[in-house]
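Q: Dropping a prediction and its sequence here:
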Amino acid sequence: MITPIKITLDGTGGGTVHIGDHDLSGAIRSLYLDAEATQVPRLGLELPAAEVTVDGQAQIRVTQDTADLLIALGWTPPATTAEQT
């Protein structure tokens, strides 16, 4: 999904996150922005959650650093090509 975003960070741990017309500043634990010269930037959000239930399927994404760490700890990646961010 491509949608308008506005992120303002003040360098002291404060800031705002607007996605579309929604101010999600109070609901975001952390964020990352991944941008390449010829691509639309990708915004990743981490939301605080005490408990989450998902009944269905999900695409699992990990950074290359996380995958490398898991492999070093004995994890075997799935046989299919996993999308990594």
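A: Sure, I can see it. Numbering: from 1, shown residues only.
Q: From now on I want contacts and neighbour counts done on CA atoms only, so please keep to that.
A: OK.
Q: who does residue 9 bridge with?
A: Residues in a beta bridge with residue 9, per DSSP bridges, are residue 15.
Q: residues near it, how many?
A: Residue 9 has 10 neighbours, counted by other C-alpha atoms under 10 Å.
Q: Pull up the gap between it and residue 75, please.
A: 36 Å (C-alpha to C-alpha, to the nearest Å).
Q: where does the chain dip in pLDDT?
A: 1, 49-52, 80-85 (pLDDT under 70).
Q: residue with max distance from the center of it?
A: residue 74 (24.2 Å; C-alpha atoms, centre = their mean).
Q: I'd assumed that one was in a helix, is it?
A: No. According to DSSP: H, G, I helix; E, B strand; the rest coil, the state of residue 74 is coil, so it is not within a helix.
Q: do you know how far it is from residue 62?
A: Applying C-alpha to C-alpha to residue 74 and residue 62 gives a distance of 16 Å.
Q: What of residue 37?
A: Here residue 37 is placed at a distance of 22 Å from residue 62 (C-alpha to C-alpha).
Q: So for these two, which residue has more residues nearby?
A: Taking other C-alpha under 10 Å, residue 37 and residue 62 do not tie; residue 62 has more neighbours (13 against 6).
Q: What strand or helix carries that one?
A: Using DSSP states H and E, residue 62 falls within no helix or strand.
Q: show me where this protein has helices.
A: Secondary structure of the chain (DSSP state H): helices at 64-72.
Q: which stretches of it form strands?
A: Ranges of strands within the chain are 5-9, 15-19, 22-23, 30-34, 42-46, based on DSSP state E.
Q: taking these together, which one is wrapped up most tightly?
A: strand 15-19 (a mean of 14; mean count of other C-alpha atoms under 10 Å).
Q: Next, the angle from it to strand 5-9.
A: Interaxial angle of strand 15-19 relative to strand 5-9 (axes from the mean of the first three to the mean of the last three C-alpha atoms, to 10 degrees): 180 degrees.
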